[in-house]
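>>> Model the structure of this input:
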Amino acid sequence: MTAPAPRRPLVRISARTAEILRRCCPGQRPDDVLDRAMRMLATADGHLRPDGRIKTRGPGRRLPGEGGWP
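Sure thing, here's the model as predicted:
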């Protein structure tokens with residue numbers, strides 16, 4: 001038996017975000033644009049490793065925004 005495909009979360013966006021998507025990213029799929037934006041934000045905030053994997057907490061380590069990395 002094949003496992004069901006994972007469900008994508010439904011996200012409600014604001015009117016401002018919808019306008020930005022429409023005006024600044026014409027012809028692009030909104031979910032692709034938002035995916036790129038989330039990866040860029042997570043990278044800029046220090047939540048992703050250089051290879052794109054999510055940083056995890058280790059013993060005695062904190063995530064960015066919790067006082068930084070020791």
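
>>> any idea of the mean pLDDT for the longest helix seen in the chain?
In the chain, with assignment by DSSP state H, the single longest helix is helix 30-44. Average pLDDT, helix 30-44: 92.

>>> what's the spacing between it and its chain's center?
Put simply, helix 30-44 sits 5 Å off its chain's centre (C-alpha atoms, centre = their mean, to the nearest Å).

>>> which stretches of the chain aren't confidently modelled?
1, 58-70 (pLDDT under 70).

>>> where exactly do the strands run in this protein?
Assigned by DSSP state E, the chain shows no strands.

>>> Can you tell me which residue sits nearest the middle of it?
The centroid of the chain falls nearest to Met38 when counting by C-alpha atoms, centre = their mean (2.8 Å).

>>> With Arg57 as the reference, measure out to Pro50.
Pro50 is 18 Å from Arg57, where distance means C-beta to C-beta, to the nearest Å. From N, CA and C alone the C-beta is placed, and that goes for glycine too.

>>> Relative to Arg53, how far out is the residue nearest to Leu21 when sequence neighbours are not counted?
Excluding the flanking residues, the one nearest Leu21 by C-beta to C-beta, 6 or more residues apart in numbering is Pro30, at 4.9 Å. Distance of Pro30 to Arg53, given as C-beta to C-beta: 25 Å.

>>> Tell me which of these two has more neighbours.
Higher neighbour count among Pro30 and Arg53: Pro30, with 14 against 8, using other C-beta atoms under 10 Å.

>>> Surely the more buried one is in contact with Cys24?
No. If you go by C-beta atoms under 8 Å, Pro30 and Cys24 don't touch, sitting 11.2 Å apart.
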